[in-house]
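Colleague: Give me the fold of what follows.
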Amino acid sequence: MSQITIRELAEICGVAVSTVSRAMNDRSEVSPLTRDRILAAAAEHGYVPNTSARSLKISTEKLVAAIIHGETSPLLLELFELLETRLADHGYGLILTRVPAGSAHPETVARIVNERKYAGVVFLGRYGEDDQGEAPDLGRRLTQIGVPMVFCTTADFSGGSWMHSSVSVDDRGGGYDLTRRLLDLGHRRLGFTSGGEATDTQHVWALRLDGYRRALSEARGSGATGLVLSSARPGASYSMTNGYETVRRHLAANGLTFTALVCTCDAVAVGAIRALTEAGHRVPEDCAVTGFDDLEIARYLTPSLTTVAQPLVEIAATTARVMLQAIEQPAVAPEQVSIQGRLVERESSGPPAA
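Modeller: Residues are numbered from 1 along each chain as shown. Alright, predicted model coming up:
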């Protein structure tokens, strides 16, 4: 019997590839029940992690740096593992480095690259300080470091004219699809949470907000209105804490002024649902809630979360392809790849109460 791949084993078990990887490596993030189920399926189908082959492939020390600026998230860590597998198949190792807020400058990237002689850099999420006053020059200064760079999950908004490649989900399209679905369900008073500074129009949250506003604009004749809740924690825009505190603060000051809430991401939606529930409001009966990303928690939350699923396997595969091409063919022009997400409708959304 031929050996199955890790991706085939993940499909058999109904979990993400990263979950299989964690289970096989006895990582604590996987529940004992899930780990036992994966190990049993691996034994049944003859799956054996090909660690020796991977070690042989990366023994030449061809390395790529993966850099996360500021907040980490389950989504970025899952992308890292998927990307690590893809690059290993081509003989490259991937090393993760987190750059704290306040240190995301070109000089930091230059130091990281020079320490290990990396062949390329993948930015998992945005890179660069919002208030450093050098955004228009950031792309050029990153280019001067002399290695290929790819932005993964965000567009290259370092200030240059597409100086670097990028691979991301269609954030505007996803925000539009979620809002359009709520409007189709009959909602006419919508809210959006949460984001950062209004001037930062290229953040992921701002792109999703743009899609929200476009859908509302198209529905103007139906009497639809939308508001944007002021973020309680702009520096942690994609956190459960920000979703919870933003919604709690709005409810305390204004009451429930909307029948549907479009959240920047799944983590924010989890916090928002907590705040709504504490205030005595039911989801979705009193207020429908949507997220974005389709993290594992979205499926097991009560109620389960309507969201947009990021095509992580495709994003990782495309990022690896673009990175390897840039390393091996330096003259190739940068690519800007936007991949359509998938609307996943679950229990947290429904029509407004009569």
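Colleague: Show me the helices in the stretch 51-200 of the chain, by range?
Modeller: In the stretch 51-200 of the chain, the helices defined using DSSP state H, counting those that start in this stretch lie at 51-57, 74-88, 106-116, 135-143, 171-184.
Colleague: Lowest mean pLDDT across these, which one is that?
Modeller: Between the helices of the stretch 51-200 of the chain, the lowest average pLDDT goes to helix 51-57, which shows a mean of 45.
Colleague: re the thing from before, nearest to residue 267, out of the helices of the stretch 51-200 of the chain?
Modeller: helix 74-88 (8.2 Å; CB to CB). From N, CA and C alone the C-beta is placed, and that goes for glycine too.
Colleague: Residue 321 is nearest to which of the helices of the stretch 51-200 of the chain?
Modeller: helix 74-88 (8.3 Å).
Colleague: Does residue 180 touch residue 214 like I think?
Modeller: No - taking CB atoms under 8 Å as the definition, residue 180 is not a contact partner of residue 214, at 9.1 Å.
Colleague: doesn't residue 284 make contact with residue 347?
Modeller: Yes - under the criterion of CB under 8 Å, residue 347 makes contact with residue 284 at 7.0 Å.
Colleague: List the contacts of stretch 72-91.
Modeller: Identification of contacts with stretch 72-91 by CB atoms under 8 Å, 6 or more residues apart in numbering yields 6, 16-18, 21, 54, 57-58, 60, 62, 64, 66, 68, 93-94, 96, 98, 122, 124-125, 152-153, 238, 267, 293, 295-297, 310, 312-313, 315-317, 319-320, 323-324.
Colleague: helix or strand for residue 22, which one?
Modeller: helix 17-24 (DSSP states H and E).
Colleague: Heading C-terminal from that helix, find the next helix or strand.
Modeller: Immediately after helix 17-24, counting by DSSP H and E, sits helix 32-45.
Colleague: List the buried residues of that next one.
Modeller: 34, 35, 37, 38, 39, 41, 42 (16 or more other CB atoms under 10 Å).
Colleague: And the helices in the stretch 201-350 of the chain?
Modeller: Ranges of helices within the stretch 201-350 of the chain are 204-218, 240-254, 266-278, 296-300, 312-328, based on DSSP H, counting those that start in this stretch.
Colleague: Are any of the contacts of stretch 72-91 buried, and if so which?
Modeller: 6, 16-18, 21, 54, 57-58, 62, 64, 66, 68, 93-94, 96, 122, 124-125, 152-153, 238, 267, 293, 295-297, 310, 312-313, 315-317, 319-320, 323-324.
Colleague: Residue 347 and residue 284 - which one has more neighbours?
Modeller: residue 284 (23 against 14; other CB atoms under 10 Å).
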